[in-house]
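**Q** got a structure for you, letters missing:
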């Protein structure tokens, strides 16, 4: 049986778009007889929760929730905008590579204990937050267990993750290069991210693992009618064009496709 140590900050019962992929990876790898231990966060508050996802995996994987020193682990900062301050009382000046770096020391401590007591074949890390890749690298160097980085978003992206300063950008580029170079290989969600990674790291093996969907989610609690519904689950950030989708659907309707 293959044994996997999965490092992911976002995991059920947390909800929203950055959680489903990790939950489904665990669900389906366990069906292929993988023994999975998940190192994840233990926030005191979050934007949304989805306990149905936790119900799918809680009896299939070993979940270890680890506390942190970032904004999600301080109730007093619930009303303070994420981009303004961390629970350490600092600002984006100290958020290298991201606001969740406060998770690093506790996970390293817990991960080392786990790696001493149990033998793993691989370490898988899901990013963002990109600081999680630093954790995977450190644990890999400690144990000799190879690690794989799964990119849900690009690390260097001016629109999604604008750097606080040019110095922060340089540091992020350095940290990404070090994390990627020491990894076994990379996986990502689409061809666009893969292409950008190939330009920066031509020597690295990169595989696309599409987001996809879980057919079992549609076997129950589905309301069937004649109306065709499209649901966009994600962030509608500046520069994204919903009108393109609307025009495309209208074109399909006119062409009766």
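**A** That came through fine. Everything numeric here is computed off the predicted structure, so don't read it as measured data.

**Q** for the stretch 101-250 of the chain, what spans make up the helices?
**A** Listed in chain order, the helices of the stretch 101-250 of the chain (DSSP state H, counting those that start in this stretch) span 104-117, 131-143, 166-181, 191-200, 242-254.

**Q** which of those sits most buried?
**A** The highest average neighbour count among the helices of the stretch 101-250 of the chain, using mean count of other Cβ atoms under 10 Å, belongs to helix 131-143 at a mean of 22. (Each C-beta comes from the backbone N, C-alpha and C, glycine too.)

**Q** for it, name the packing helices and strands.
**A** Counting contacts by 3 or more Cβ pairs under 8 Å, 6 or more residues apart in numbering; DSSP states H and E, the secondary-structure elements packed against helix 131-143 are strand 3-7, helix 104-117, strand 122-127, strand 147-151, helix 166-181.

**Q** between the ones you listed, which gets the lowest average pLDDT?
**A** Mean pLDDT values for the helices and strands packed on helix 131-143 show the minimum at helix 166-181, a mean of 92.

**Q** of the helices and strands packed on helix 131-143, which is nearest residue 40?
**A** Proximity of these to residue 40 was assessed by Cβ to Cβ; the nearest stretch is strand 3-7, lying at 8.1 Å.

**Q** that closest one: partners in the sheet, and parallel or antiparallel?
**A** If you go by DSSP bridges, strand 3-7 pairs up with strand 35-41 (parallel), strand 122-127 (parallel).

**Q** next SSE after the first one?
**A** Along the chain past strand 35-41, the next helix or strand (assigned with DSSP states H and E) turns out to be helix 51-57.

**Q** and that following helix, how far out from the chain middle?
**A** Centroid separation between helix 51-57 and its chain, computed with Cα atoms, centre = their mean, to the nearest Å, is 17 Å.

**Q** again with stretch 61-77
**A** Relative to the centre of its chain, stretch 61-77 is centred 15 Å away, using Cα atoms, centre = their mean.

**Q** same thing with stretch 60-72?
**A** Using Cα atoms, centre = their mean, the distance from the centre of stretch 60-72 to the centre of the chain it belongs to is 13 Å.

**Q** buried residues in it?
**A** Residues 60, 61, 63, 64, 66, 68, 69, 70, 71, 72 are the ones in stretch 60-72 that count as buried (16 or more other Cβ atoms under 10 Å).

**Q** pLDDT on it, on average?
**A** Summarised as a single mean, pLDDT over stretch 60-72 is 90.

**Q** show me what it is in contact with.
**A** Applying Cβ atoms under 8 Å, 6 or more residues apart in numbering, the external contacts of stretch 60-72 come out as 6, 11, 26-27, 30, 36-46, 57, 73, 77, 80, 82, 85-88, 99-103, 105-107, 110, 114.

**Q** please pick the buried ones from the residues you listed.
**A** In the contacts of stretch 60-72, the ones that pass as buried (16+ other Cβ under 10 Å) are 6, 11, 26-27, 30, 36-41, 43, 57, 73, 77, 85-87, 99-103, 106-107, 110, 114.
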